[in-house]
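Undergrad: I would like the atomic coordinates for the input below:
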Amino acid sequence: MERALKITPLNSWHRANGANMANFGGFDMPLWYGTGVKLEHLAVVESAGIFDTSHMACVMVTGRDALKLLQLCHTRDLATLKDGRCLYGALLNDNGHVIDDAIVYRFDHLHYMVCVNAGMGGVVTSHFTASSRRVKPDHHMGDTKSEIVITDLSEKVGKIDIQGRNSARILKKILDNPAPLFEKMAYFSFKGDLAKESEVKLKSGTPLLLSRSGYTGEFGFELFVSPDAVVDLWREILEAGKEYNVMACGLGARDSLRAGAVLPLSHQDIGGWKFVNTPWDFALPYNLEKSGFTKIFIGSDSLLESDGVRYTYPFAGEDLRKIASGTDSKVTDSEGNTIGTVLTCATDMAIGWSNDKTYSIASPDLPEGFRAKGISCGFVLVDRKLDVGTELTLHDRKRAINVKIVDDIRPARTARQKISCFL
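TA: Residues are numbered from 1 along each chain as shown. This next block holds a predicted model:
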């Protein structure tokens, strides 16, 4: 018997507003609305778009030894993570394969939240629980066992992402006392909580956690609220954002935006192979010589072994044509040798080529007469090291397209720019 799809609090809104729905991670989710993926994608790059992300899961980790557990399980070195800051990284098994990627939020030294992907709350909770047995108590402090509390908050937290250069201007209209909240708010920092005493509230009094992060490469925020507040918040954002032409966006635009921003999709671009030699090596705690790590974590020994190593690279195509990814694909070199498979192939509609260089519609140095026609882009997994500029051919059962390895895809992204540029 097929298991019924889970729904987010916005499911009725999506269906009433003409969303094309599909199964994603066990949830009934919008792929796009009547506007279409292209316009939704462009809305985020040019102004602002909102995404229903309540399908994602959160796990709370609290207690005296919470940091020890997360240091063991998460690839980033969290020792210097400050209160009100968050970090992206991965959770690995002993083989160095990715269980899921995750953002760790530090409230204080006893209180952390880990945000993971749809349907992964239970899996990650079980992984943390099993891994907690490896955490050693501080015997010199008189401790006889570790003090860790792990709580799966799957479907108990609602989440909406607002992304794009006008995100803060829209949120200023609905947040209570927004000026001090936005002042010097750094990338990958957050304020507030889901508790009633949260310093961040809507004008209606609803508490929320406001995180300056996202999955598009563009300036924006992730908003965590109680599930029963999601629909009202969604409607408030759409109303407040009318003058900025804010647009409801589905998973199609989310996918094309993240591909152009060189961001991985867990269980597709990272998964059942070693998490090394990727565009996301920043998520590993390498020492200065890159000969080892600054800490020991689950899977670290396997990552330092040379057997079974493969390489992940971003690519950009000659035009907007795409091919299927996964087992139906293959990657060939200039001599026709098969060297790997395609992990992601999407179309970033905000970019185009000019004089062998990619430009975005947001680039400050656009050539005269430039028009973004869209470029296929994504990631390949290959069995050898390749240089930037290497030309490859991607194949599926229907077509073949020519691409080349690049070090970046969509230029002029805004995610890391100072918040003062957007207030």
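Undergrad: what's the end-to-end length of stretch 387-405?
TA: 7 Å (C-alpha to C-alpha, to the nearest Å).
Undergrad: same question, stretch 367-387
TA: From its first residue to its last, stretch 367-387 covers 27 Å (C-alpha to C-alpha).
Undergrad: now it: how far from the chain's centre is it?
TA: Per C-alpha atoms, centre = their mean, to the nearest Å, the displacement of stretch 367-387 from the mean C-alpha position of its chain is 20 Å.
Undergrad: give the buried residues for that stretch.
TA: 372, 374, 375, 376, 377, 378, 379, 380, 381, 382, 386 (16 or more other C-beta atoms under 10 Å). Every C-beta, even on glycine, is put in place using the N, C-alpha and C of the backbone.
Undergrad: any idea whether the fifth one is helix, strand or coil?
TA: Translated: residue 377. With DSSP: H, G, I helix; E, B strand; the rest coil as the basis, residue 377 sits in strand.
Undergrad: identify the bridge partners of it.
TA: As for beta bridges, residue 377 partners with residue 316, residue 346 under DSSP bridges.
Undergrad: relative to residue 352, how far out is it?
TA: Here residue 377 is placed at a distance of 12 Å from residue 352 (C-beta to C-beta, to the nearest Å).
Undergrad: from the buried residues of stretch 367-387, pick the one nearest residue 193.
TA: residue 379 (35.4 Å; C-beta to C-beta).
Undergrad: now the element after the host helix or strand of residue 238, going C-ward?
TA: Assigned by DSSP states H and E, residue 238 belongs to helix 230-240. Going down the chain from helix 230-240, the next helix or strand is strand 247-249, by DSSP H and E.
Undergrad: for the residue minimising distance to the centre of the chain, which non-adjacent residue is closest in space?
TA: Central residue of the chain (C-alpha atoms, centre = their mean): residue 215, 4.0 Å from the mean position. Distances taken as C-beta to C-beta, 6 or more residues apart in numbering put residue 258 closest to residue 215, at 5.1 Å, once the chain neighbours are dropped.
Undergrad: show residues contacting the one helix or strand the one you found maps to.
TA: Assigned by DSSP H and E, residue 258 belongs to helix 251-260. By C-beta atoms under 8 Å, 6 or more residues apart in numbering, the list of residues contacting helix 251-260 from outside reads 22, 24, 29-32, 37, 40-41, 43-45, 49, 51, 163, 215-218, 264-265, 344, 346-351, 377-379, 409-410.
Undergrad: chain center to it: distance?
TA: 10 Å.
Undergrad: over to stretch 291-301?
TA: 23 Å.
Undergrad: next, the buried residues of it.
TA: Within stretch 291-301, judged by 16+ other C-beta under 10 Å, the buried ones are 293, 295, 297, 298, 299, 300.
Undergrad: quote the end-to-end distance of stretch 114-128.
TA: Termini of stretch 114-128 sit 11 Å apart (C-alpha to C-alpha).
Undergrad: ranges for the strands of the stretch 301-423 of the chain?
TA: In the stretch 301-423 of the chain, the strands defined using DSSP state E, counting those that start in this stretch lie at 311-317, 330-332, 338-348, 351-354, 357-360, 375-382, 391-395, 400-405.
Undergrad: give the pairing partners of the shortest one; include direction for each.
TA: Here strand 330-332 is paired, per DSSP bridges, with strand 338-348 (antiparallel), strand 391-395 (antiparallel).
Undergrad: sorry, back to before: now the strands of the stretch 301-423 of the chain as TSV including distance to residue 250 and mean pLDDT?
TA: Output for the strands of the stretch 301-423 of the chain, formatted as TSV (distance: least, C-beta to C-beta, whole Å; pLDDT from 0 to 100):
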stretch	distance to residue 250	mean pLDDT
strand 311-317	23	98
strand 330-332	29	98
strand 338-348	14	98
strand 351-354	20	96
strand 357-360	21	95
strand 375-382	19	98
strand 391-395	25	98
strand 400-405	25	97
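Undergrad: what's the neighbour count on residue 318?
TA: Neighbourhood size, residue 318 [other C-beta atoms under 10 Å]: 12.
Undergrad: give me the nearest residue to it, chain neighbours excluded.
TA: Nearest to residue 318 is residue 402, by C-beta to C-beta, 6+ apart, at 5.5 Å.
Undergrad: as PDB, could you dump the C-alpha coordinates of stretch 161-179?
TA: Coordinates of each C-alpha in stretch 161-179 appear next as PDB, following Å, rounded to 0.1, in the frame of the first residue of the first chain:
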ATOM      1  CA  ASP A 161      12.200  31.300   3.000                       C
ATOM      2  CA  ILE A 162      12.200  34.800   1.500                       C
ATOM      3  CA  GLN A 163      15.000  35.300  -1.000                       C
ATOM      4  CA  GLY A 164      16.100  38.200  -3.100                       C
ATOM      5  CA  ARG A 165      17.500  41.800  -2.800                       C
ATOM      6  CA  ASN A 166      14.200  43.200  -1.600                       C
ATOM      7  CA  SER A 167      13.700  40.600   1.200                       C
ATOM      8  CA  ALA A 168      14.600  42.900   4.100                       C
ATOM      9  CA  ARG A 169      12.500  45.700   2.700                       C
ATOM     10  CA  ILE A 170       9.500  43.500   2.700                       C
ATOM     11  CA  LEU A 171      10.100  42.000   6.100                       C
ATOM     12  CA  LYS A 172      10.500  45.500   7.600                       C
ATOM     13  CA  LYS A 173       6.800  46.000   6.900                       C
ATOM     14  CA  ILE A 174       5.600  43.000   9.000                       C
ATOM     15  CA  LEU A 175       8.300  42.700  11.800                       C
ATOM     16  CA  ASP A 176       7.900  44.500  15.100                       C
ATOM     17  CA  ASN A 177      10.800  46.900  15.600                       C
ATOM     18  CA  PRO A 178      12.900  45.700  12.700                       C
ATOM     19  CA  ALA A 179      15.700  48.300  12.700                       C
END
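Undergrad: list the buried residues for it?
TA: Result for stretch 161-179 [16+ other C-beta under 10 Å]: buried residues 161-171, 174-175, 178.
Undergrad: just say which of the strands paired with strand 330-332 is most tucked in.
TA: Each of the strands paired with strand 330-332 was scored by mean neighbour count; the highest is strand 338-348, a mean of 22, by mean count of other C-beta atoms under 10 Å.
Undergrad: who's in contact with it?
TA: With C-beta under 8 Å, 6+ apart, strand 338-348 has contacts from 41, 255-257, 259-260, 264-265, 268-269, 310, 312, 320, 322-327, 329-333, 374-384, 392, 394, 396, 409-410.
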